[in-house]
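Participant: after the sequence you'll find the predicted model.
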Amino acid sequence: MRKYLYLLSLVIGLSSCVKYGEPPSLSLSGEYRIDKITYESMGNDPINMVFYPGELYVNPSETAPLDTIEVGFTRIAFDYSTIYMNPVENANGITYWSDEYGYFVHGQYGPYELGYIQFDYNGTRRTWKIIDDGMESLVLRTSGSYDYGNAGPMESTTIFLTRVGP
């Protein structure tokens, strides 16, 4: 009898340690500063460039405001349904955003697949893959584009953001 009690308590003790964890919920809401950008062109002559704070990222195939980004200074904000770009501060220090784009998140299938942000931007549909969503950081990768048709190189940009406000 004593052996059965010992065996039962051992089984319960070892099997009760399994812990279920829910997939993380996204916390996109907040104001972010772009702190780093990596650019990759995967054609015949691959190009990999990294832009750090103080450097200027210029992409002539992009449209404003994403065509020219001052890394370390450019800010973007999210709430639960809108992306805000081009901040303008008034004399009282209140920030107004001159560009607003509605977005939705899809494809969040598990703890390691955070999904995609999809929004319409200046007449085109943009898709950004959410690579990492930390407490104070966010990493997004563009889905890539072919600026010269299917025969041209595929370009992809990864944007590293740091939360600077609520």
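Facilitator: Perfect, I can see it now. Numbering: from 1, shown residues only.
Participant: going on from the helix or strand bottoming out on mean pLDDT in the chain, what's the next piece of helix or strand?
Facilitator: Between all helices and strands in the chain, the lowest mean by mean pLDDT, DSSP states H and E belongs to strand 145-146, at a mean of 54. Moving toward the C-terminus from strand 145-146, the next helix or strand (DSSP states H and E) is strand 154-165.
Participant: direction included, what does that next one pair up with?
Facilitator: In the sheet, strand 154-165 lines up against strand 30-42 (antiparallel), strand 137-142 (antiparallel), strand 145-146 (antiparallel) (DSSP bridges).
Participant: residues in contact with the residue most central in space within the chain?
Facilitator: The centroid of the chain falls nearest to Leu140 when counting by C-alpha atoms, centre = their mean (2.8 Å). Contacts for Leu140 (C-beta atoms under 8 Å, 6 or more residues apart in numbering) come out as Ile117, Trp128, Lys129, Ile130, Ile131, Thr158, Ile159, Leu161. For glycine as for every other residue, the C-beta is placed from the backbone atoms N, C-alpha and C.
Participant: returning to that earlier point: out of the strands paired with strand 154-165, which gets nearest to Thr124?
Facilitator: Closest to Thr124 of these, according to C-beta to C-beta: strand 145-146, at 9.2 Å.
Participant: for the protein, which segments count as helices?
Facilitator: Under the criterion DSSP state H, the chain contains helices at 2-15.
Participant: any weak-confidence spans in it?
Facilitator: Scanning the chain for pLDDT under 70 picks out the ranges 8, 10, 13-25, 144-153.
Participant: quick one on the thing from earlier: quickly list what the residue nearest to the centre of the chain is bridged to.
Facilitator: Ile130, Ile159.
Participant: one more: Arg33?
Facilitator: Beta-bridge partners of Arg33, as defined by DSSP bridges: Arg75, Thr162.
Participant: wait, doesn't it sit right on Gly165?
Facilitator: No: using C-beta atoms under 8 Å as the test, Arg33 is too far from Gly165 to be in contact (9.1 Å).
Participant: those two: which has the busier surroundings?
Facilitator: Arg33 (17 against 10; other C-beta atoms under 10 Å).
Participant: that one and Met85, how far apart?
Facilitator: To Met85, Arg33 is 13 Å away according to C-beta to C-beta, to the nearest Å.
Participant: same deal with Asp45?
Facilitator: Using C-beta to C-beta, Asp45 is found at 32 Å from Met85.
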